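Trainee: curious how this folds, go ahead:
(chains A and B)
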Amino acid sequence: MQQFADRFPALAAKLGPEDLAVLTRAMTTLELPAGRRIIRDRMPVDSLYFILEGDVSILIEEGGRAISLGRLGPGEWLGEVSVLSGEMLASSTVRSETPVKLMRLKHQAFEDLITKNERVASAMLRELVAMLAARLRASNEVSRRPIAFEQVGDSLAATQPIPTGSGQNWLASFFGR
Amino acid sequence: MNLRTFLTNLPSFSGFSPEEISVLEGVLRVASYPEGHVFTRQGELAEGMYILLDGSVRVTQQDEIAGLSQEVKELHAGELFGLLSLISQLPAVATCTATSDASAASLSREDFDRLVHDAPQLGHHLHYMVAVQLARDLQTRNRSMRELLKREASAVEAR
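Mentor: Residues are numbered from 1 along each chain as shown, chains lettered A, B, ... in the order given. Predicted coordinates:
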């Protein structure tokens, strides 16, 4: 729980210790080696993931090719768009680039939490809105620039200038659906 | 038209207490707009969100990633638009234009903050609607990226 609070200080502060405990009790810890697909493009997503340690890369895959959209690290959420939009299929792949430690919250548990606990719901929604807004804002800035493609093995990779800073990674807007 | 009755009958606001509906009614500003009025312009900051009371509004969106054709949606009485303007410094993702003489109730960001404070349940609900809208907009961008990839992949094969 302390590690979660350290990695997600804004959410932890909004929740307070009691509700933070409620949230983390509903989660399970997941440790994976590098090279694993945590979320697969166009496959069902049933959980939200919170990155505690390690890096993941975000890919859009199409016809055996991929655009690499960049990396996300500790303090970022994955999978929130599918739960909010109601479209439970991923629209990108999330792959571990290093060994990763994640906290997993099943969508069902998330829904139970936010319907039963108004304070948790309010804190998580505000945090979600802030994070989604930051990602959309960042993607607004970057989407106007040309995307450079390059051939990497079988994959077609696109390189993009990426705004840095937590919550400002526009690539975050493409994962976890 | 009685704004209060209108709000109470909207699916978005049904189930809220009369007190909360009163707070909402108190922060909304009702105004008439001529045909052709632009409520929000894509890429520009808007002043607030709107609840369409009468008339119709067209929503258009220019895809800046893959250059896909504009998405057009027609809104009718009872629908909300411009939700993202409730979030600080977030430009509109679509252009909303009145396609007939229209009337709408608007909610500014400042008044939204007041609403969240005075009617937390309702404010919470609007926050949720904003989050869903954001999620859908991000999904749309993702689809555009996939479209771009498809196009680049076929261009590479053609070489």
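Trainee: just give me the residue closest to the centre of chain B.
Mentor: B:F81 (2.4 Å; C-alpha atoms, centre = their mean).
Trainee: now do chain A
Mentor: Among the residues of chain A, the one closest to the centroid is A:L78, at 1.9 Å (C-alpha atoms, centre = their mean).
Trainee: so what sits opposite that one in the bridge?
Mentor: Assessed by DSSP bridges, A:L78 has beta-bridge partners A:Y49.
Trainee: I'd guessed it sits against A:L52; true?
Mentor: No - with contact defined as C-beta atoms under 8 Å, A:L78 does not reach A:L52; the gap is 11.9 Å. For every residue, glycine as well, the C-beta is placed using N, CA and C.
Trainee: just to revisit the earlier point, quick check: phi and psi on the residue nearest to the centre of chain B?
Mentor: Per-residue torsions, B:F81: phi -150, psi 160 (degrees, to the nearest 10).
Trainee: what about it, distance to A:L11?
Mentor: 29 Å (C-beta to C-beta, to the nearest Å).
Trainee: ok, A:L30 next?
Mentor: For A:L30, the distance to A:L11 (C-beta to C-beta) stands at 18 Å.
Trainee: looking at those two, which is more packed in?
Mentor: The neighbour count for A:L30 versus A:L11, taken as other C-beta atoms under 10 Å in any protein chain shown, is higher for A:L11 (23 against 14).
Trainee: contact partners for that one?
Mentor: Shown in contact with A:L11 (C-beta atoms under 8 Å, 6 or more residues apart in numbering or on different chains): A:123-124, A:127.
Trainee: top of those by neighbour count?
Mentor: Within those, neighbour counts (other C-beta under 10 Å) peak at A:M124, which reaches 24 neighbours.
Trainee: can you tell me the SS state at it?
Mentor: Three-state assignment for A:M124 (DSSP: H, G, I helix; E, B strand; the rest coil): helix.
Trainee: swap in A:I67?
Mentor: With three-state DSSP as the basis, A:I67 sits in strand.
Trainee: correct me, but it touches B:K150?
Mentor: No - between A:I67 and B:K150 there is no contact under C-beta under 8 Å: 10.4 Å.
Trainee: neighbour-wise, which of the two wins?
Mentor: The neighbour count for A:I67 versus B:K150, taken as other C-beta under 10 Å, is higher for A:I67 (26 against 15).
Trainee: quick one: that one and B:D111, what's the gap?
Mentor: Applying C-beta to C-beta to A:I67 and B:D111 gives a distance of 41 Å.
Trainee: so where is chain B shaky, pLDDT-wise?
Mentor: B:1, B:68-69 (pLDDT under 70).
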